[in-house]
Structures are given as C-alpha cells and as structure tokens.
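A.B. asks: Got a predicted structure here, sequence first:
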Amino acid sequence: MSIVLTESTKVIVQGITGKQGSFHTEQMLQYGTRIVAGVSPGHGGETISEVPVCNTVKEAVEGFGGEVSVLFVPAPFVKDAAIEAIHNGIKLLVLLTEHVPIKDTIALIAYAKQKGTTIVGPNTFGLATSGLSKIGIAPNRYFVPGPVGVISRSGTLSYEIVGALAAEGIGTSSVVGLGGDRIVGLDFIDVIKDLEQDPSTKLIVMIGEIGGSAEEKAATYIKQHVKKPVVAYLAGKSAPPGKTMGHAGAIVERGKGTFEGKVKALEQAGVSVATVTFEVPSIVALRLQNETGM
Amino acid sequence: MSIVLTESTKVIVQGITGKQGSFHTEQMLQYGTRIVAGVSPGHGGETISEVPVCNTVKEAVEGFGGEVSVLFVPAPFVKDAAIEAIHNGIKLLVLLTEHVPIKDTIALIAYAKQKGTTIVGPNTFGLATSGLSKIGIAPNRYFVPGPVGVISRSGTLSYEIVGALAAEGIGTSSVVGLGGDRIVGLDFIDVIKDLEQDPSTKLIVMIGEIGGSAEEKAATYIKQHVKKPVVAYLAGKSAPPGKTMGHAGAIVERGKGTFEGKVKALEQAGVSVATVTFEVPSIVALRLQNETGM
Amino acid sequence: MKLHEYMGKDLFQRYGIPIPKGQVAFTPEQAAETTARLGDVVIKSQILSGKRGKAGGIRFTKDPVEAARITDELIGSDLRGFIVQAVLVEEKLAIEKEYYLAVTIDRENRCPVILASASGGMDIEEVDPSLIVTYLVDPTIGLMPFMVREISEALALPSELQKQFQDLLQKLFALFSELDAELVEINPLVQSGAELIAADAKITIDEDALYRQKDLPSVEERSAAEASAKDLGLAFVDLEGDIGVMANGAGITMATLDLIDYYGGAAANFLDAGGGAGEEATTKALELVLERKPNAILINIFGGITRCDDVARAIASVKRKKSIEVPLVVRLVGTNQEEGWDILSEVGIQPFSAMHEAAKSAVELAARERGSV
Amino acid sequence: MKLHEYMGKDLFQRYGIPIPKGQVAFTPEQAAETTARLGDVVIKSQILSGKRGKAGGIRFTKDPVEAARITDELIGSDLRGFIVQAVLVEEKLAIEKEYYLAVTIDRENRCPVILASASGGMDIEEVDPSLIVTYLVDPTIGLMPFMVREISEALALPSELQKQFQDLLQKLFALFSELDAELVEINPLVQSGAELIAADAKITIDEDALYRQKDLPSVEERSAAEASAKDLGLAFVDLEGDIGVMANGAGITMATLDLIDYYGGAAANFLDAGGGAGEEATTKALELVLERKPNAILINIFGGITRCDDVARAIASVKRKKSIEVPLVVRLVGTNQEEGWDILSEVGIQPFSAMHEAAKSAVELAARERGSV
C-alpha cells in the first residue's frame, strides 16, 4: 500500500481508550483524518471523540471498514496488537511505540511481509499527507500542503525541518517517519518509490542519521531511478562510535553506518546534503526553483 | 508450478543413497526422467546410477539446476528435508513418505504456501506425465501416453485402473497421486485446473476414497469450470465409519466424508461415477468417443 | 492413540488447566478412600468412548461404601463394547453453565482449528453448527492472545470469565501443539461459581508422532490381531464378515472390500500388506488372515514394486506348512507374473487376472463353505 | 545489556554448550583454590570489553600461589577504562584450531543472522569478509538442521566435527532466541582434541526485553548519570565536552550536538528529554545536566506535544531553587510559545527562536566561561 494517504483513507486506532490514544485521536480528527473506529479490548460500545470503540480489530474492519491502523499500545503488547491488525487485513500499520523488543519487531515484520502489509515504525511519529490526513503524533500545525515530500528517521527533527520549510512558505506533500529503532518496517527506498510516483511531490527531503545502511541503499536507488531532486540532512556527525544516541538505531557499530559514509554515498547520487539543519530550507528553495521552476 | 512435467524438467532426489532412493532413481532414469542430482548429507561427491550426489539441496539447485525434488527420507526427517527444498527454491516437491507427523505436514505445507511451492503428498506414489517423466515409485510399465488425465488418492488403485485402461488401449496424459494422508498438499481441484488446461488431456479420471471433502469440493468446481468429461471411482463404500482404512485420510469422521455424500456431489456435477473398478475403462471409452470423438 | 480421561486430566494438570479434585481408582478400596476424602462424588468409567452416561457408566454418590460397590460393579463390566479397567472418582461440581472447547485439525484448511460453543455438555455433532465458533489457527504464528479475544467475543463469553478463558485456551493449545495431539476436547468445560473447570478430557495423540512423545502413557485400543499387524508394519482392521482379505495398497484393499460387498459377500478384515511387500511380510500377513478363521480367503495383488513371485512363494509356503482348509482365491498380476503363476500352480492354485472375477469367486466359495459347516 | 563472560558461560552450560572447566573468582583465595583443582589455568579479567589480552588482562599459571597473586593484581585494576571486579579461572585448553561463531541481528534483512568463520580468535572486524560465512535465518521457521548443514558446508568443517557443530549451533540459536539476545558470540570456538568448546562467551541482551527475562543476572555498565536518566525514562549519554545539552527527541538532540560541534564547541552530554516531556520530567532532566557541571547549558525545545509553558516553568523553578551559575541558553518554539517566553523573561532568560543561533550563543558563552575559570 502506498504511504500517500487521502482524505478518504479509513483509519482505526488500536489502544484508543488510553491517555495517548484518546488525546491523539482528537488531534488526528482535528487535522481531518477519517478515523472510523477504535479498538480497546473490554471497552467495546464506548466512544472516544464520537469514534465507536470495538473489542477487536476484526469488528473494526468488518463493521467500520478500517484499512489503516495506528497503535497506541504499550511495548509488551505491540506484537499481539500488530499481528491482530495484519491478520485482519489491515494494509498499512503505524507503530508509534518505542522499546518494542527486537524479537517482536522481527516477528511482526516477517508476518506483515507474508500478508503484504506495510509497517511504519516502530518508534515513529507516524505519517501525514499534508492537508488531507495525518496518522500518529506529529503536531498538526506545521503540515501545510506543498511540493516537498519528507522521509525521516526522527520525529522532532522532522517537525523542526518541516516547520522551517513552512516558515519559508514551502509546504509538504507527504511526510513519513520511518522510526528510530534498529529494525523498522520501511527503508528510505520504499518511501522514495512512492514519492517519485506521487504527482504532488516535486522534491524529496531525507532526514537521516547515523547507524544502519538505509541511507546508503537509498543513495544507490536514487542514482539509478529517481528523477526528482533530493535534499538530505543527516544527524549524528559528532556522535561518538558505539554509543546509542537516543534512538536504538542511531549507533555506529563495527565501523558501519558512519556519518561520512552516508554523506559520501548520497553526494555521489546527486543528493544535496545539508551540513546543519538551518541550511535545509535554502537548499530546497534553490533546487525547487532551478529544477522544477517553482 | 503445473504438475504437468516435461522431459526437460530437472529433478533432484533427496535421500538418493538409501535403499529406496537408489532403486527408484534407477527406475525413474529408465523411464526417462531427467534426474540432475541427488542429495544425501555426508555423501557429497558419490554417484548413484551416474547421478552426482550433493550434501545439500543448495548445491543441487545452484550446481545442477534442480527445479523439482522427490524425497526418499524417513518420516522423522521429512520436515527438515522438505523445508530445505522449499527454502532453496524448489517449486514442486514430491513427498512419498508415509507416517509423517501431522504437525510436521502442517508446518511444511504452510511454509510451501508462503514460498509458492507445490507439495505433492505426503504418502503418495508420485506423479508422471506419460512417456516424458515420472517422479516417485509408480511402476513404469503402465504409463503409456494417451488422452486420460488421472488424479488419485491411492497408489496401487491407480496402477490397477491405469493398467486396465492401458489394457483397453487407452493411455494416460498425466497421472498424479495426491497422497493418502489426512493432510496433503494438493486437492483434486488443484490438479483438475492443470488438466483442464493441458492440451494432451481429453478426459479426467478421479480416483477418490472416503474421508475428507476433497471430492465434494472438486464436484463444485467441476460443475462451474470444467468442460472436459470427468469419470470417478471412489473406494471405501463398504468401510465401517470411524475406522482408518489403511490410509490415514480414509476415515469417515463425525458423519463427514461418506461415500454416499461424495457420489451424490459428483453425479450432480455431471461426473460419471463407476460403482466398481472394472467399470472404469468402459465408461471412459464411451465418454471419450461421445464427447471428444476419440 | 486415544488417552483415557484420567490420563488426559493428568496432562491438563501438567499444563495448568483447572480440573476437578479427584483420583483414578483401579479397586473399590481406592474409590472408597477418595469418596471419603471428597464427599459428594461422581464415579466415571474409564473407557475410550463417549456417551458413557447413557450406558450407565457414570454414577453419583457420597457414601464410600456405596462408591466401593459401584466401582466393583463397573470395573470389569462391558460398556459399549469396552471393558472398564478403572474409574475416575471426582468431586461433584456445582454447574452454572456448560461450554464446549476443543482443538483439532482442519483437513481442508491444513491447520489447527479451535471449536468452541456455549452449548456444551452434549455431543458436538448434535449442536447446531451456527452455535459453534470455528476458528482456524494460522500455523505460521500459532495461537495469539488476540485470537482468543476474537473467540471470546464470538462466544459472547461473560467478561468476568474472559481472562480465565484466555489463559485456559492458551494452555490447551500449547498442550495440543507440544504433545502432537490430533484432538484435545473439553466437554463440558464447566463454569462452577466464578471458575472454569475442565469436567472431561478427551485427548488423541498422532500415532505417527509417538516416537517423539516418549513421556506419554501408552494405551492399546487395537484388537490383538490389529496390534500384531501394526508391529509388522501392516494396516489391519477387524471387520464383521467371513472372507479374509489381503491386498497391497490401502486403495486397492478398500476396492477389494467394495467388490466383495458388490457381489453380496462380507469381508472379515481389511489388510493392506503394503505397496512393496516381500516374501516374509506376505507370509506373516497371510498367517494373520488365517487366524481370523474365515470361510474363504481372497488375495489381491497388483504387482508393481511388489513382485508376483515373492507373493506366490509366500502363499505356497504357508499353504505347505499349515493345511489351509478354506478356499484360497488369488488374483495376481504385474511384475514377474508368469513365475508367480507357475509357483502357485504347483500348490494347486489357479490365479485370476481380473480382480472382480477373483472377488466374485471368493464370495461364491465362502457362501458354499458357510453352507457346508 | 552486556553480560560478563562468566555469566555467558553459565548460560552456555544451562543450554548444554560445552565450556572449559573453571570457576569465577572474586578473591585471590577462590582463584588459588580453582587453580589447585585444575592445574594449568588461564586467568581472565571479567570486563565488558574485548582485547583484554593485549591490555594484560589474561594470564597463565599452574601455581595456586601465583594465581592468587595475579588475581589480587587484576581485581580492582583498570583495564581499558573498566575496573576489574572478578576473574574467571579456567583450565588451559589444548587448541587444535580456532573458529568464530555468532548469532546477531541483521538490520537490513530484519532477521537473525549467523556469522561463522574458520578464522577464529581475532576480532571479527579484522577477518577478511570472504572468510566469514553469513547466514540469514528466516524468522518464520527459525534455525533448522539443514541450515546448519549448509553452514558446515560453507565453512568446510571437518566431517567429524559436523554433528557436534550442528548440536552446538542449534543450542546457541535457542539461547539467542529464548533469552531475547541481540548478540551471542563465541570467539574462539576451540577445537580441542576431537571436541568443540566455547572458550569465550559474549552475550548482549535486548534491553527492551529485560522485563520478560527475569532470570538473567543484571549488569550495570552505565555511568551513575546514565543510570538515573534511564530510571527517569530519559536517554542520556555522557560525552567529553563542556556544554550541557537538553533537547526533546533523539534526532533533534543529535542535531543540537552537531550544531555545537559546527560552531567549535563540544557537548558534555546527550540528553533526549522525550517528545512529550512535561514540567516534572523537564525539571529532573535539567538537574541531571547541572550535575555534570558544564560551562554552559543549551536547552533546545521544539514544542509539538511538548508545551513551551511547561518547559519554561521547569526551567524557571530550577533556576529559582538552585542558583544556576553557568550561562543558560534556551531555544523555545512551538505550542504555547508566548506563555513560555513570558515565564522565562521573569527569571531573566531571553529565549531564541532559531536553534542555530542558540547553539552559537552557547558555544560562545561556554568559551567565555572556560576563559574566566
């Protein structure tokens, strides 16, 4: 399933009766997201912000047509809730929770692959198609429609950059948080494919960080397949090796996933890499003007 | 993968160095089957009837191009050997072994489904496309080319009926043994689809038995989708309920899988059901003549 | 392999599934002792069949002397064709409601299936299918908590029982899976006060997996002939008729039985000597058939891997060693057919080529034999 | 969570993986006793780092007195930045060959991966990748015997070791999987005579799974500040510089560090106060930063869920309670920004809007502070 949402995308919220679940349900509804049902075992029949609550995903899918699900569920229960969603035919599943055991993440991603479900996260802020629908916990205000597609491994850093772009009058098409864990469902490359196809997107911003090889793989793909301009910012240049920098995935291990290696790969693929965050809007503006005439 | 073999289908034999494996490798080669390699851990480098032996399926596939595999492996080792074949890209896997624990069969069939591998058996005599290739333990002599496709849950009963047809000058196109276990990889329906498409097949013979619902499902499918004439013989009319008649799968349980139910379903679908074995050749000859002009 | 109720309950206990207080008794004294300890009890005959109640195999008492008397009466008695060897003496439960719960195998979908119903206590075949929750378990992930929630929901289980049910079903599924069961059934699963308790236990273990389930008790439900056939690697089933049958392959053996039936006869047994039986196996198989003292014997061999000469030699040697007094009809075709026929003609047997002719002849000869006795 | 070698070997033993005879020693007496029992021994410092040998942390002796002396010397000493708390005294193995064997997690393929090499005994990073067998394990089926055969084959393992290797790797994988490990490494896996023995054990457990791994020993490798941050649910890393940092979100915190670096400064710590930190959490986070005694503090909040007024109140209250003597630079934008700025202005702080300006200011102020000390 494409990560580009529409205003008719039918969303369900698992864990809707919890503090985070109910708060963000309200936030998402305010943004315009079409939340058709919530799930919370034992709370069937209640409502949260007028959204009906079901005991099972089965009921939310069969009774209310849920296609996409977002989980506000504590880490020990994520595996069960995620597999429940996948098993019941959810095609796009957003896992916000941090600290999910890595074995559970592996198991649920393997099952998702079997069933053709796209997993966003774990440990992500979610995703948004600006002006149409937002799934997750990103603040509403910065996501104004525009030509820039954003893919990021970090939440607040995305808000920072999306906010800075918005301040310069540059809006966003879709913004996708890959998640900060070592193992997440999506690579940059998976979203780049969607954004390259998406007519609303004229330029792609990648917000990466040290650790893993998602940026390097993306660079190879961009070089061969991507026509739209790409701008990147990478966090963690000054991080010491072997230390986990907040995100479980932000760690340079055995000399792999270094800042320098990623910058080199991206630059060789024609990606403009900003050295510091505040350079991003001006580089984006320049490339938009030069390459798309905007 | 279609169960219709060609003379170029590349076959590997797992368990080739055992008594059964080596004997039937020779028989298959004599029939014309293209056996490219055998597998027997610890026997790599040996040869059986000039067929090279490998330690792993990986080697047999990568080094010799194996596409189809047949297992001569004792029941406790079938799961491992079968998953080895599936994991290494084998697209059609023939499991001859009887007494495979049902949990193992369930696990390997689930994995095969994930990977798109077709499982024939367990507890089957195998399959043959007459005159071209034979995989398994059926006697060579009765499989002479002709217009009749045969699908069967029983080995010797197939030889009996194929032999009787051959004695009347009616040859076979492809003959497939589904296997006598309660859980097997193929239903009648799966093979009927292939035979309906197969230009060499003009008429289909189903050899069923009591137990399960494969014949009933096939009847529903035949009624809707099959243009070629179908003749059936079902064993077990006189078997008492609740008793396993040799085949683990040949048991009437909780009133399900009865002889009468199957006959009724098939006759409603326009299938000619022979009451006793010796009626089969004359019914086949008649329907071939009337409906295909042969 | 079916397990007795008390064995099943031992396994339930091992897996933490609640069962009534109780104790198996092999003697009246043991039953009296347990009754003295528990008070109001139910005494249940341990046989491998359901419907024990209607057959008088389930009794109630609170008196130890009475318990001893009942046990003495039950043990050794014949219930529905089974001889009672033991009884299970258990506390009588206060029953609020009876559920049905089972895990078994779904042939069509090739996976485990959970069957649950709020209409417990009777044979599941007699329950309206619309009242049975049927839940297929994806074998690649096993039983997960959400599945149990979906089942609870479909059952409309009272919310105060859901946690217990969740726990119980997870354990039951673990037992099913780890012990290579084909069936685990709790009928009824009783709600007693606020508790769910397994009031019965029916467990069948996959015979093909017994080699890796060494810790299980062993139960023999076969007849002596069936058991010795099993030891020889042959599939044998005792039947009601008088024509002894031996053939090679399960399908052809069934077809042979059907032909006998078609011609108005009845088989004394089902015996599949296997697809590749040699001389020795054939000899032993034949001896098994002879032990049933049939009025005729029909041997039906379609030789493929099985060689006709091997079979013929076995028949000839048995015929020479033991004087076979009943008519012996042989159908023998396939590999080495001529040598086989030559060997048989030496012992005075004229084989058939067509199996239906052989079957017809066997039915006629058996009828004649019956008439002459 | 990294485990000490001796703890890892205890787990190996629990899983039936062969280890050398030996005993952990916390005192010289214990080491002497084990040496007296085993004869030729190796004494290995127990620290959470490799390359102990080069640092003098691994010694050989056969004399109990000498063993006590060595142990006395090692315990309490600083090896590569770690204080030795214990030594492992083990029989010295006769080594025919050294292999490398590990199970860890493959990020890119999202599955467990087995790494094996016939070039064991050195750091795996130093081994030519072409000499390392890398085997991805499909998580839907786990490690099956055929996979181990494929690995043996790729390793060109002598056939007499294959059965042992099969057994050992199955057990190692079970340990990895059942104990929620991120890494289990045996380096070297020693062939001693005809036996494979795990001469070392390196195990890392997934911190996020510790809640369900209650039976494991607990090892604390964090600094006191890192540990107390963890208790508060904050991500904290000690660094070498002098600018205390607090931000909300891992990515923005890293970016803040990078900006400090860009302007020529150096951060004293990484502190991610979380995406939705309230007043209390922010207060505690700030106190943690203060404890590091930095030359300046940079707080970078991009409020989304985090409310600027909450953060401002926390800063103000800390500033009121403790006299913060170092410059405090705050960047504060987002939800309830104006209220936040008002609160801060009351305690004399003029916040920034742009994070790079705040970072630049913090670097300059820290430099001035350093100069003034």
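C.D. replies: Now that the structure is in, tell me what you want to look at.
A.B. asks: Which residue ranges make up each domain of chain C?
C.D. replies: Annotated domains of chain C cover C:21-91, C:97-212, C:224-372 [automatic domain parsing].
A.B. asks: Out of those, the one nearest chain B is which?
C.D. replies: Chain B lies closest, by Cβ to the nearest Cβ, to one member of these: domain C:224-372, at 2.2 Å. Quick note: C-beta positions are derived from backbone N, CA and C, even for glycine.
A.B. asks: returning to that earlier point: pick out the shakiest of the domains of chain C, pLDDT-wise.
C.D. replies: Lowest mean pLDDT within the domains of chain C: domain C:224-372, a mean of 88.
A.B. asks: Tell me if that domain is near chain B.
C.D. replies: Yes - counting by Cβ under 8 Å from any Cβ of the partner chain, chain B has neighbours in domain C:224-372: C:235, C:237, C:239-240, C:247-255, C:257-262, C:266-267, C:270, C:272, C:275-276, C:302-305, C:333-335, C:354-356.
A.B. asks: so where do the helices sit in the chain?
C.D. replies: With no chain named, the answer covers chain A. Taking DSSP state H as the criterion, chain A carries its helices at A:19-31, A:57-64, A:75-87, A:102-115, A:155-167, A:188-197, A:214-225, A:259-268, A:280-292.
A.B. asks: that's the wrong chain, I wanted chain C
C.D. replies: Under DSSP H, chain C gives helices at C:5-14, C:28-38, C:64-74, C:145-155, C:159-178, C:224-231, C:250-262, C:279-291, C:308-321, C:337-346, C:355-372.
A.B. asks: Output these in CSV; the columns should cover distance to residue A:217.
C.D. replies: Output for those, formatted as CSV (distance: least, Cβ to Cβ, whole Å):
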stretch, distance to residue A:217
helix C:5-14, 50
helix C:28-38, 68
helix C:64-74, 73
helix C:145-155, 33
helix C:159-178, 39
helix C:224-231, 58
helix C:250-262, 55
helix C:279-291, 61
helix C:308-321, 64
helix C:337-346, 67
helix C:355-372, 66
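A.B. asks: Reformat those helices as CSV; add distance to chain A and mean neighbour count.
C.D. replies: Formatted as CSV, the helices of chain C follow (distance: least, Cβ to the nearest Cβ, whole Å; neighbours: other Cβ atoms under 10 Å in any protein chain shown):
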stretch, distance to chain A, mean neighbour count
helix C:5-14, 25, 20
helix C:28-38, 37, 20
helix C:64-74, 44, 20
helix C:145-155, 4, 21
helix C:159-178, 7, 18
helix C:224-231, 40, 16
helix C:250-262, 35, 28
helix C:279-291, 45, 20
helix C:308-321, 49, 21
helix C:337-346, 52, 17
helix C:355-372, 48, 19
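A.B. asks: Columns distance to chain D on top of those helices, output as TSV?
C.D. replies: As requested, those are exported to TSV (distance: least, Cβ to the nearest Cβ, whole Å):
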stretch	distance to chain D
helix C:5-14	20
helix C:28-38	37
helix C:64-74	45
helix C:145-155	14
helix C:159-178	15
helix C:224-231	29
helix C:250-262	31
helix C:279-291	32
helix C:308-321	36
helix C:337-346	42
helix C:355-372	43
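A.B. asks: and the longest strand seen in chain C with helix B:102-115, angle?
C.D. replies: The longest strand of chain C (DSSP state E) is strand C:181-192. Interaxial angle of strand C:181-192 relative to helix B:102-115 (axes from the mean of the first three to the mean of the last three Cα atoms, to 10 degrees): 100 degrees.
A.B. asks: Out of the helices of chain A, which gets nearest to residue D:216?
C.D. replies: Residue D:216 lies closest to helix A:102-115 among these, at 14.6 Å (Cβ to Cβ).
A.B. asks: Remind me what the closest one packs against, helices and strands.
C.D. replies: helix A:75-87, strand A:118-120, strand D:111-117 (3 or more Cβ pairs under 8 Å, 6 or more residues apart in numbering or on different chains; DSSP states H and E).
A.B. asks: what separates it from the chain centre, distance-wise?
C.D. replies: Relative to the chain's own centre, helix A:102-115 is displaced by 17 Å; criterion: Cα atoms, centre = their mean, to the nearest Å.
A.B. asks: Quick one: mean pLDDT for it?
C.D. replies: Mean pLDDT, computed over helix A:102-115, is 97.
A.B. asks: ok, residues contacting that helix?
C.D. replies: By Cβ atoms under 8 Å, 6 or more residues apart in numbering or on different chains, the residues outside helix A:102-115 that reach it are A:78-79, A:82-83, A:86-87, A:89, A:93, A:118-119, A:122, A:181-185, B:114, C:140-141, D:105, D:110-112, D:138-140, D:177, D:180, D:182, D:206, D:208-209.
A.B. asks: Around chain B, pick out the residues from chain A.
C.D. replies: residue A:114.
A.B. asks: Report the contact partners of the residue of chain A found nearest chain D.
C.D. replies: As assessed by Cβ to the nearest Cβ, chain D sits closest to residue A:154 within chain A, at 2.2 Å. Listed by Cβ under 8 Å, 6+ apart, the contact set of residue A:154 reads A:177, A:180, A:207, A:209, A:235, A:247, D:249, D:250, D:251, D:252, D:254.
A.B. asks: can I assume the second one is in contact with residue A:246?
C.D. replies: Same thing as residue A:180. Yes - the criterion here is Cβ atoms under 8 Å, and residue A:180 meets it with residue A:246 at 7.3 Å.
A.B. asks: how about the residues of chain A that lie near chain C?
C.D. replies: Proximity of chain A to chain C (Cβ under 8 Å from any Cβ) is limited to residues A:41-42, A:44, A:55-59, A:80-81, A:83-84, A:87, A:107, A:111, A:114.
A.B. asks: Now list the buried members of those.
C.D. replies: For the residues of chain A next to chain C, a neighbour count by 16 or more other Cβ atoms under 10 Å in any protein chain shown gives the buried set as A:41, A:44, A:55-59, A:80-81, A:83-84, A:87, A:107, A:111, A:114.
A.B. asks: Of all pairs in those residues, which one spans the longest distance?
C.D. replies: Pairwise distances across these peak at 28.5 Å for A:44 and A:114 (criterion: Cβ to Cβ).
A.B. asks: Nothing else from me, thank you.
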